[in-house]
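J.: Need a 3D model of the sequence below.
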Amino acid sequence: MTTQQQLTAWIDTHFDEEVAFLQQVIRVPTDTPPGNNAPHADAVADLVQGFGWNAEKHVVPAQLVRDYGMESITNLIVRRPYEAGGPTVALNAHGDVVPPGEGWTRPPYGAVVEDGFIYGRAAAVSKCDFATYIFAVRALEALGVPLKGAVELHFTYDEEFGGLLGPGWLLEQKLTRPDFVIAAGFSYNIVTAHNACLQLEITVHGKSGHGAMPETGHDALQAATKILNAVYGQLPELKKIKSTVPGIDSPTMLVGRIDGGTNTNVVPGKVVMKMDRRMIPEEDPAAVEAQVVALIQDAVRGEEGIRVEIRRLLLSNALRPLPEGEKLVAALQKHGREVIGEEITAQGTPLYADARLYGEHGIPAVLYGAGPRTVPESNAKKADERLALEDLRRATKVVALTLLDFLGK
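T.: Next up, the predicted model:
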């Protein structure tokens, strides 16, 4: 039996254990917001201790977390050093999730296994890759062959808020500086680039008044409607802008949340909107932010009694391919063909992820992990999120074989 066959055989032999591990990881809720995610990190640290591994707990200062809008963050680094002379490969998955929402036919934190699928919030994005990466490394180490370099497992808890207190914090604190990064993704596609993202909170201040005498107030909702019309009026222009990166099309813009008013019979004195503008890799985020701010301000310029506050919630850069990452892509594609039996594409995605933060530090990063061909298939961020167990098995093998390429002597 070849070394590669031994590696994949170990994964097959221990696959029931891997699924049981994933069930435990799913069953500890990490709804973000509110973002009380330290208990999940503690649970994962206890689990990996059972494998004889030490998980360093890097607690983000409480005030910093609260100011950010979350409750607790403990990021984990599991370092597995081997002989000198090889690269450090980091594997990053995030444990924070959007709240389950309505419409589930199975418990969102039940981790029910049924008909070859595991169901639960983060089954596909991205608690599954806690299991993918841990069992890939366990398989590699179980071979007993000489290895050079190191693996680091980065389990972080801030992707839904942008990653600045997840990978961003670990990098800024100089707690890690890997040579390559594989971050959570899907089995049938390697993501080499992704969009940038701007999120703004727009507060429209007016003046409340009695509904029977609306002229005594200044209607914040009427003013907000002008902003909405300006935002959505831009969409045809955005569609004309095209990216040259395969898998990425045009910029997008939407208002995802609106809150305001006090009662049915009261002129709304304040309306708060949260908007999202996705930028293709070719766009300049600072220039786009200036354009969007001007668009909002111009929409209500001259409106009597109306004042607008604009607060940036997030400005994330795009993930752009780095030349050194080609080696990583080639290895994942090669083993994807071997394990899955089809060509694994490498392209961009309109989503954004915290993998970009590694790229901003000059570290080549790609997204690859357990999951289906597309986000909609996984029900990610929707009811009945699920993962095909066979995709978990295959991704674990592909990652393990790739690690062997990079770290085997």
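J.: where's the closest residue to Glu114 other than its chain neighbours, which helix or strand?
T.: The spatially closest residue to Glu114, leaving aside those adjacent along the chain, is Arg106, at 7.5 Å (C-beta to C-beta, 6 or more residues apart in numbering). C-beta: built from backbone N, CA, C; applies to glycine. Secondary structure assigned from DSSP states H and E places Arg106 in neither a helix nor a strand.
J.: repeat for Gly247
T.: Per DSSP H and E, Gly247 falls between elements, in no helix or strand.
J.: mind listing the helices for the stretch 301-409 of the chain?
T.: Counting by DSSP state H, counting those that start in this stretch, one finds helices in the stretch 301-409 of the chain at the ranges 325-340, 356-360, 375-378, 389-407.
J.: can I assume Ser145 sits in a strand?
T.: Quick fix: residue 145 reads Val, not Ser. No: with the criterion set as DSSP: H, G, I helix; E, B strand; the rest coil, the secondary structure at Val145 is coil rather than a strand.
J.: count of neighbours near the closest residue to Gly336 other than its chain neighbours?
T.: Nearest residue to Gly336, sequence neighbours excluded (C-beta to C-beta, 6+ apart): Ile344, at 3.4 Å. Here the number of neighbours of Ile344 (other C-beta atoms under 10 Å) works out to 20.
J.: you'd agree Ile344 is up against Tyr188?
T.: Yes: at 6.3 Å, Ile344 counts as touching Tyr188 under the criterion of C-beta atoms under 8 Å.
J.: Give me the common contacts of the two.
T.: With C-beta atoms under 8 Å, 6 or more residues apart in numbering applied, the overlap between the contact sets of Ile344 and Tyr188 consists of Gly336.
J.: Model confidence at Asn317, what's the number?
T.: Model confidence at Asn317, given as pLDDT, is 89.
J.: Hmm, it is touching His194, no?
T.: No: proximity of Asn317 to His194 does not meet the contact threshold set by C-beta under 8 Å, at 9.8 Å.
J.: Identify the contacts common to those two.
T.: In terms of C-beta under 8 Å, 6+ apart, Asn317 and His194 are both contacted by the residues Arg356.
J.: Looking at the two now, which is surrounded by more residues?
T.: The residue with more neighbours, out of Asn317 and His194 and counting by other C-beta under 10 Å, is His194; that gives 27 against 17.
J.: ok but Gly110 is inside a strand, no?
T.: No: counting by three-state DSSP, Gly110 is located in no strand; its state is coil.
J.: Count the neighbours of it for me.
T.: Under the criterion other C-beta under 10 Å, the count of neighbours that Gly110 has is 15.
J.: Skip the chain neighbours and tell me the closest residue to it.
T.: What sits nearest to Gly110 in space, not counting adjacent residues and going by C-beta to C-beta, 6+ apart, is Gly120, at 6.2 Å.
J.: do you know how far the one you found is from Pro108?
T.: Going from Gly120 to Pro108 by C-beta to C-beta, to the nearest Å gives 6 Å.
J.: what do those two both touch?
T.: Applying C-beta under 8 Å, 6+ apart, one finds that Gly120 and Pro108 are jointly contacted by Glu385.
J.: So those two - more neighbours on which side?
T.: Under the criterion of other C-beta under 10 Å, the comparison of Gly120 against Pro108 puts Gly120 first, with 28 against 23.
J.: which ones are touching the residue nearest to Gly336?
T.: By C-beta under 8 Å, 6+ apart, Ile344 lies in contact with Ser187, Tyr188, Asn189, Ile190, Leu332, Gln333, Gly336, Arg337.
J.: Would you mind measuring from the nearest residue in space to Gln333 that is not next to it in sequence to Leu314?
T.: Nearest non-adjacent residue to Gln333, counting by C-beta to C-beta, 6+ apart: Ile344, 4.9 Å away. Taking C-beta to C-beta as the criterion, Ile344 is separated from Leu314 by 30 Å.
J.: Before I go, just wanted to say thanks for your time.
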